[in-house]
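Participant: For reference, the sequence and a predicted model appear below.
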Amino acid sequence: MEFILFLSKIDKEIIELINKSNNSIEENTALCLIDRKFVGFYKRKEKAIVICTKNAKKLGGYRKGKSYDNHKTNLYIRRALRHETTHLVQSCNNNKPTGVIKNIEDKIHKGKLKALNSSVQISGNYYKELEAYVMEDKPRKVKEILKTYCL
């Protein structure tokens, strides 16, 4: 799995917990072909996170051998893992947001609003997507809720 090369230490710990929770991770599946702007999915029935590494590399301007130039690709993949892990946790919580972040609508970065709206069109659930977008930048919180709700 190539995407692991782009992860931080805490993101690798999240992967270990995902595996312990009887969920799996897949990479570059047919879902990734829906639109190259998508970098991840959570397949609830299959209990599988999909990371679209090829899409992340294109979006992030990945250049082989230029690790200092790949900051955006790192961010896309790390955020996708955390976002989809949040959906996994929501699934463990009877398919509902956890509510772990208070005043959540005030916490979303304005730059994520367009992506939020695109995700809501697919999932149909504003609050679950909102929580997932806010959690993208909170790896320790993602790890915490994964332990609390799924293990």
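Facilitator: Arrived safely.
Participant: Check which helix or strand Phe41 maps to.
Facilitator: Assigned by DSSP states H and E, Phe41 belongs to strand 40-43.
Participant: what's the answer for Val142, then?
Facilitator: Per DSSP H and E: helix 139-150 holds Val142.
Participant: Check which helices and strands that helix sits against.
Facilitator: Judged by 3 or more CB pairs under 8 Å, 6 or more residues apart in numbering; DSSP states H and E, helix 139-150 is in contact with helix 9-20, helix 71-92, helix 126-135. Just so you know, the C-beta spots here come from the backbone N, C-alpha and C atoms, and that holds for glycine as well.
Participant: Let's see that with 6 Å instead.
Facilitator: Packing contacts for helix 139-150, counted by 3 or more CB pairs under 6 Å, 6 or more residues apart in numbering; DSSP states H and E, involve helix 9-20, helix 71-92.
Participant: Measure how far the first one is from the centre of its chain, please.
Facilitator: The reference is to helix 9-20. 13 Å (CA atoms, centre = their mean, to the nearest Å).
Participant: what does stretch 57-75 give?
Facilitator: Put simply, stretch 57-75 sits 18 Å off its chain's centre (CA atoms, centre = their mean).
Participant: Start at 21, not 1
Facilitator: Done: numbering now begins at 21, and the last item shifts to stretch 77-95.
Participant: Under the pLDDT cut-off, which ranges of this structure? List them.
Facilitator: Low-confidence segments of the chain (pLDDT under 70): 86-89.
Participant: show me what contacts Val162?
Facilitator: 102, 105, 155 (CB atoms under 6 Å, 6 or more residues apart in numbering).
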